[in-house]
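**Student:** dropping the sequence and predicted coords here.
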Amino acid sequence: MTSWFQSLTNAPFVAVIRLQGPISNSGRGLDDVSLAPVIEKAFSRGKPRAVALQINSPGGSPVQSSLIAARIRRLADEKKVPVFAFVEDVAASGGYWLACSADEIYLDEGSIAGSIGVISAGFGFDGIISNYGVERRVHTAGKSKSFLDPFKPEKAEDVTRLKGWLDQMHEVFIAYVKGRRGAKLSDDADLFTGDIWIGRKAVEVGLADGIGHLAPMMQDRFGKKVKFRRYGIRRSIFSRLGAAIVGDAIAEVEDRAAFARYGL
C-alpha cells in the first residue's frame, strides 16, 4: 500500500490552467484577482514538471492581461517550472498576451493568434436624445471631466487624445511580445498591426512554436505516464444561480461579440 501511494505521489505531473473567455475588469471574465489563487496552486501544489496554459480567449483588458501574465512569469521563475501554452480556438489581443507568458506556444491547425493591437469602442447617443428634444446638461470642475461624453457630439481633440493613449498601450504590448518571443518573430510588416494568423501561418511568422495538442505533447516531453492536474476558476452554485436569476444578458452578448470578431 505504501509503495503504491509513493509511486502515485512521485509520478510526474503537469499542472493545467484553463484560461477561457474574455479578459475583463468587471468580475465576469478572466481577471488577476480571480485567477491569483488558481495560478498559485498550479505552481505550488506538489512539484509539477511543467505548467500548461489552455487558452481560448479573444482578449479584453490590457491591464488585466498584463497582471495575469506577470503573475505567471513570476511564479515560473521563482519555482523554476517551464510554462507551455496551448491555444484552442483563439488567443488574440489580450489572449495572445497571456500566451506569451509561456516559454513555448503551440496551436491547433485552425487556431487564431495575434491581433497585437489596442481597441476602444463605444456608442454615440447625441443624435437620439436630440430627436426626442432632450437636452444634455453637464457641469464639471476640470476641463477634461466630460471627456468623450457619449451623449454629446464627438470632439476632434478628444479623439486625438484617446488615440495617443491607445498608441502608448500598443507600444507596451509590442514591447512585451518582442521581449518574450525575441528572435523567433519574423520581420513581417503586419505583425503588430492588429492582424491575425491561423495555425501554421502563425508559426511561420513566429507567433507560435509549432502545431501540437496538450496531452500528446506533454507525454512526449515527460513520458507516457505523466498525469494532469487541472485548475480553473470555480464559481459557487449560488453565484451561478444568481446570474441566471438576474439575467446577465448584456455580459453574454459582450462575450459572444468578442469571439465573433474572429468568426467564432
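**Tutor:** Great, that's in hand. Just so you know, these numbers come straight off a predicted model, no measurement behind them. Residues are numbered from 1 along each chain as shown.
**Student:** only C-alpha atoms from now on, for both contacts and neighbour counts.
**Tutor:** Will do.
**Student:** list the contacts for Leu98?
**Tutor:** Leu98 makes contacts with 65-66, 68-69, 91, as judged by CA atoms under 8 Å, 6 or more residues apart in numbering.
**Student:** give me the subset of the residues you listed lying in strands.
**Tutor:** Members of these lying in strands (criterion: DSSP state E): Ala91.
**Student:** can you give the distance from stretch 37-49 to the centre of its chain?
**Tutor:** 20 Å (CA atoms, centre = their mean, to the nearest Å).
**Student:** same question but for stretch 87-103, I mixed them up
**Tutor:** Mean C-alpha position of stretch 87-103 versus that of the full chain (CA atoms, centre = their mean) differs by 6 Å.
**Student:** and stretch 168-188, by the same measure?
**Tutor:** Worked out by CA atoms, centre = their mean, stretch 168-188 lies 16 Å from the chain centre.
**Student:** show me where pLDDT drops low in the stretch 151-264 of the chain?
**Tutor:** 151-152, 235-258, 260-264 (pLDDT under 70).
**Student:** let's see it at 90
**Tutor:** Along the stretch 151-264 of the chain, segments meeting pLDDT under 90 span 151-169, 188-190, 194, 232-264.
**Student:** per-residue confidence for the residue sitting nearest the centre point of the chain?
**Tutor:** Geometric centre of the chain, nearest residue: Gly95, 2.9 Å, by CA atoms, centre = their mean. For Gly95, the model assigns a pLDDT of 96.
**Student:** and it, what element?
**Tutor:** helix 94-99 (DSSP states H and E).
**Student:** direction included, what does the next helix or strand after that helix pair up with?
**Tutor:** Following helix 94-99 in sequence order, the next helix or strand is strand 104-107 (DSSP H and E). Here strand 104-107 is paired, per DSSP bridges, with strand 83-92 (parallel), strand 210-211 (parallel).
**Student:** quick one: residues in contact with the longest one.
**Tutor:** Here strand 83-92 makes contact (CA under 8 Å, 6+ apart) with 50-59, 76, 98-108, 110-116, 196, 212-214, 262, 264.
**Student:** spit out the contact partners of Val177.
**Tutor:** By CA under 8 Å, 6+ apart, Val177 lies in contact with 97, 100.
**Student:** ok, Val159 - how many residues close by?
**Tutor:** Number of residues near Val159 (other CA atoms under 10 Å) recorded here: 13.
**Student:** any idea how far it lies from Ser57?
**Tutor:** 28 Å (CA to CA, to the nearest Å).
**Student:** check Leu35 too.
**Tutor:** 14 Å.
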